[in-house]
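**Q** give me a 3D structure for the following:
(3 chains)
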Amino acid sequence: MIDRIHRVMIRGKVYEKDQLRVGFVLLLPTMIALLLLFVIPAVQVITYSFTNFSLTSGQKAFNGLANYRYIFTDTKFVKALGNTFTFALLKLVFDTTIALALALMLDSRIPFKRLLRSVYFAPVVVPVVASSLIWIWFFDPGIGPFNQILMSFGLPKLQWLYHEDTALISIILFSIWKGMGYNMVLFLAGLQNIPDSYVEAAKVDGATSLQVLLRIKLPLLRPIISFVIMIGIINSFKVFAEINVMTPKGGPLYSTALMVVYIYEQAFSNGKMGRACAASLLLFIIILLLTTLQHKMGTKKTIELD
Amino acid sequence: MGKRKLHGYNWVATFILVAGSALMVFPFVWMVLSSFKTAADVYTYPPRWIPSTWKFSNYVKVFEMIPFLRYYFNSIYTSVMQTAIQIVLSITAAYALTRLDYPGKSYLIGLIRSTMFVPLVVTLIPLYLLVSGVGLIDTYAGIILPQVFSAFTIFLLMAFFSTVPKDLSDSAKLDGCGYYRIMMYVIIPNSLSAISTATLFSFLGHWKSYTWPLIITNKASYRTLPIGLKYLVQESSSEYQVMMAASVMAILPVLIVFSLSEKQLVRSITLTGLKS
Amino acid sequence: MKKTMLMVMVLVLVCGLGFATGVKEATTPATPRPAVVKLQVWYAMSGASGEAFTKQAKAFDEARADIELELTYSGSYADTATKVSAALLSGNAPDVAVMAAGQLYTGERGDFSMEQLVKDADFNAKDIYDGMWEYAKYDGRIASVPYGISTQVMYYNKKILAQAGIDLSTPPATWEEFLKIAKQAQAKGNFTNQPDFYGFDTSDGVWLIKSMLYQNGNAVVDSKDGKIVPVFADAKGVAVAEFWKRLVDEKVMPAGQHNNAEKKFLAGSLAFIASSSNRISRWPTSATLELGAIPMPSFTQKSIALGGNGIVILTQDVHNRQAGWELVKYLTKADNQTAFALSTGYLPIRKSAQESQLVKDTLAQNPLYKIAFDQLEYTWAYRHFGEMGTMDANFWYALDEIEKGVLTPAAAMDKAAKALIKEME
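**A** Predicted coordinates for the structure are as follows:
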């Protein structure tokens, strides 16, 4: 029986009127922001993707699937897509494992804990322009300290940002330094949220540190790991500023051009906004598929563990 | 507890962490030292770490080249305002998305999530047309408002809010609290520390924002710090030491604020936890 | 069924919305001229050049009670292009912009009103170098006024050349001779014992190869029946690309390090660098560098590609346009051009500027300026067209492929040409 004053049935489901009203009021600002800042621009992007929208002339005529045809036959697009996957994969693997290892160590009893945490988080706050300037210098094949160090160990010098084999790796090194503090803080939070009693109980039962880690800490961290991976995937597909400063124009033989670099090049260097919109629509679909896949895998594993 | 517990494993971890932190601070040491160098020191081979003479005038030069304090103020003002609005928006949204029930909720969550997939590069032009259409070019509002929506903050807060025990809100409801009051007096107080984490993260996000403030401002009096830094790079492409001085000044206050709030930050996440 | 209908309707609605918020056409109101015309001026020049520009613009502002300028530094070339594109689309464009390739924004929109303005008798368009006018054109028609123009200059580090014992009093005239000297400098000139020491590089390979192509009798692009056709992959073009490859093969030029060339030069690990003339005002003498310059070497004919900025008048308002034109005339006056050039390393656009006593005195004292100014005789400008940005990106990629031996010079040039043709279809 539905209480008709306080409750209402919509499509076979019963809702509380109060919740509907409050929910609407509280969500209204967000929905307006969503509509103005995202939905309308997104619709425009979709529309533009079927036009020859040029930034220099301002012209915008329907040209069907021409942009999509161009992109699918453009070797640069294929290359950028491949680079993006390489970048995302390597960065995710290193970033996540290092940040997790750091968090695990920082969670144990060690001296200078607070200071160390600050040190590992510090690169996150450095503006992109400043940090890339420093690292460009480090990577300098001639007067840079990295090659100086390599040489002092009797190792061969590297071209770092200036060679197609090392450029993307250099960028990844840099972005691990820059970004892992972010994930570390999230992991630390998750770890410290694990009740001490769980760990103590396991130790009383004679579990080794490794077993505590594998059987208790990691399973309980799974939601955060999954969150960090999702954000990591998304950010890998959106990274732009650092790469564009450190290796302009897609870098040596286009080896550091990620998707957004490609999109930027089309929109602003070539003035082909329509094409850039088509490329970003494809990018959107790719991220959507990837995160959905990751989400599905994440949930499945959690259920298995429960 | 106590010193008894400092057994072997912890010393290994300490050793690794201290060694690793040396790698982490390496760029900072370089930046600070470089900011006092002369041009000759900068270009010496082999690289010179310690300046031959300590040149403090690099810092003075920054102020001569750009209205540094004005940019600083603009950055702080716009970042604080963006963060404040964003946090309020995100709290209300996250609360409504986790604790209330209404039709279409899952679609809304999906829509919010998908906003994370779109790079600014492509929405830049449509957004610019929108903002200029309502006459907000060269205004603080024009910088602030288009950047207040963040799916990341909403999702972060949703994760925290959903961990506040349902019993708490249920008993508040029995005491006659409406849903607004539950948000104000149950959810928010129990997630204060989580909110401070989200605040820090969103502040940092705005603090380094470059493209949007650049495109939407024409007058120097509305420009923000990252634009000022980029300007320095162009203006003094051969004066590395001056750029390093500007960088030091740009990050120092943020670093100090962070290390002071760090304890609060980590504890905060600890208290409320993060479960999605 | 109902649902699908609804979906379609929504889609149609939003698509309409997408198209509706498009370009606002600027109109020309027949209003009387206001007492004070306010002019928005954006400029993409920083440092000494920015200061020199604003100084002159402010002097104009003060001299004219009826015109008020609002000057805005709009960022790097790329940032300025982004800002101008967005502003034009929304109808918020500045009245006047000093920017690179500004004529794309007027020309592509069919705005050739500059053609009429430059006929102004007291402007004396004939006094401006022909090459510079070419540079200011879009698709063969004048669409901007040259301003803040530069060429590449072949700089060298006197300390390195002295160490190597090379006398440059008779500078190398051809690239072949230059290659020998650069090689010599590399072998003996490393006075700071740098590990990564080279004879030559350029900070802008795309710019340099355009000069080299023209020097070898290749026009880069041609216009046939109103369509742009790339010609840089012909035999003469490939010969240039092959020489480029030799620079790397003979280990005089490092492969793929153009972004780093300026830093290497300042650090004393590069004997020669081809870089913009506006660097004259920027590079300081230091323990590792003492700046010298020689005329650009050439192939069969002397030639040097122009670069830099131009002034465009973007406003459609009659009065603002007129006021903008007054500003252009002021900035391009011979004595202002002289002063601007001598404090920035940009080149004066007027032939008459060369005749002033100040210029003569300065050139006598400062051989760097003399080298840059003397090159004005044989400057030329490559054609500006809509896909120029793509062409430059293709060139950049091709040079990288040539230097690294991924493709043969002929194949790389051919690939760049085909990519450009595909782009223009």
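**Q** quick check: next helix or strand after the helix or strand residue B:170 falls within?
**A** Taking DSSP states H and E as the definition, residue B:170 sits inside helix B:166-174. Using DSSP H and E, the helix or strand that directly follows helix B:166-174 along the chain is helix B:179-182.
**Q** backbone dihedrals for the residue of the stretch 101-250 of chain A found nearest chain C, please?
**A** In the stretch 101-250 of chain A, the residue found nearest to chain C is residue A:142; the distance is 3.3 Å by C-beta to the nearest C-beta. Bear in mind the C-beta positions are built from the backbone N, C-alpha and C, glycine included. The phi and psi values for residue A:142, taken as degrees, to the nearest 10, are phi -90, psi -70.
**Q** now it. Nearest residue, chain neighbours left out?
**A** Leaving out its chain neighbours, the residue that sits closest to residue A:142 by C-beta to C-beta, 6 or more residues apart in numbering or on different chains is residue C:196, at 3.3 Å.
**Q** just give the number of residues close to the closest residue to residue C:49 other than its chain neighbours.
**A** In space, and not counting its chain neighbours, residue C:49 is closest to residue C:344: 4.4 Å by C-beta to C-beta, 6+ apart. Burial measure for residue C:344: 23 neighbouring residues, criterion other C-beta atoms under 10 Å in any protein chain shown.
**Q** from residue A:283, how far off is residue A:264?
**A** 12 Å (C-beta to C-beta, to the nearest Å).
**Q** as CSV, could you dump the C-alpha coordinates of stretch C:90-109?
**A** Only the C-alpha atoms of stretch C:90-109 are listed here, as CSV (Å, rounded to 0.1, in the frame of the first residue of the first chain):
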residue,chain,number,x,y,z
SER,C,90,32.6,35.0,-31.1
GLY,C,91,32.9,38.5,-32.5
ASN,C,92,35.2,39.6,-29.7
ALA,C,93,38.3,39.9,-31.9
PRO,C,94,40.7,42.8,-31.3
ASP,C,95,40.6,45.7,-33.8
VAL,C,96,44.3,45.2,-34.6
ALA,C,97,46.6,42.3,-34.1
VAL,C,98,50.4,42.0,-34.4
MET,C,99,50.8,38.3,-35.0
ALA,C,100,52.4,35.6,-37.1
ALA,C,101,50.5,34.6,-40.2
GLY,C,102,47.7,37.0,-39.4
GLN,C,103,46.8,37.2,-43.1
LEU,C,104,45.3,33.7,-42.8
TYR,C,105,42.6,35.2,-40.6
THR,C,106,41.7,38.1,-42.9
GLY,C,107,42.4,36.3,-46.2
GLU,C,108,40.5,33.1,-45.5
ARG,C,109,37.5,35.2,-44.5
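**Q** that one and chain B in contact?
**A** Yes: contact check for stretch C:90-109 against chain B, using C-beta under 8 Å from any C-beta of the partner chain: residues in range are C:90-92, C:94.
**Q** narrow those to those that are buried.
**A** Buried subset of these (neighbour count, 16 or more other C-beta atoms under 10 Å in any protein chain shown): C:90, C:92, C:94.
**Q** between those, which sits nearest residue C:370?
**A** When these are compared for distance to residue C:370, the smallest value, 35.8 Å, is given by residue C:94; criterion: C-beta to C-beta.
**Q** so which helix or strand takes in that closest one?
**A** When elements are defined using DSSP H and E, residue C:94 is found to belong to no helix and no strand.
**Q** skip the chain neighbours and tell me the closest residue to it.
**A** Residue nearest to residue C:94 in three dimensions, not counting chain neighbours: residue C:40, with 4.0 Å by C-beta to C-beta, 6+ apart.
**Q** show me what that neighbour bridges to in the sheet.
**A** With DSSP bridges applied, residue C:40 shows beta-bridge pairing to residue C:70.
**Q** wait, it sits on residue C:68?
**A** No: taking C-beta atoms under 8 Å as the definition, residue C:40 is not a contact partner of residue C:68, at 10.1 Å.
**Q** for the two, indicate the residue with more neighbours.
**A** Taking residue C:40 and residue C:68 together and counting by other C-beta under 10 Å, residue C:40 has the greater number of neighbours (20 against 12).
**Q** the more buried one and chain A, how far apart?
**A** In this structure, residue C:40 and chain A are separated by 19 Å, where distance is defined by C-beta to the nearest C-beta, to the nearest Å.
**Q** and that residue, what's its pLDDT?
**A** For residue C:40, the pLDDT comes out at 94.
**Q** repeat for residue A:206
**A** According to the model, residue A:206 carries a pLDDT of 86.
**Q** ditto for residue C:277
**A** For residue C:277, the predicted pLDDT is 92.
**Q** which residues are in contact with the closest residue in space to residue C:66 that isn't next to it in sequence?
**A** The shortest distance from residue C:66 to any residue that is not its chain neighbour, by C-beta to C-beta, 6+ apart, is 5.9 Å, and that residue is residue C:36. Listed by C-beta atoms under 8 Å, 6 or more residues apart in numbering or on different chains, the contact set of residue C:36 reads C:65-68.
**Q** got the residues of chain C near chain B?
**A** Contact residues (C-beta under 8 Å from any C-beta) of chain C with chain B: C:21, C:40, C:42, C:46-47, C:50, C:72-76, C:79, C:82-83, C:85-87, C:89-92, C:94, C:192-195, C:262-263, C:266-269, C:282-284, C:286-289.
**Q** ok, 6 Å please
**A** Among all residues of chain C, those adjacent to chain B (criterion: C-beta under 6 Å from any C-beta of the partner chain) are C:21, C:46-47, C:72, C:76, C:83, C:86, C:90, C:92, C:192, C:194, C:266-267, C:282, C:286-288.
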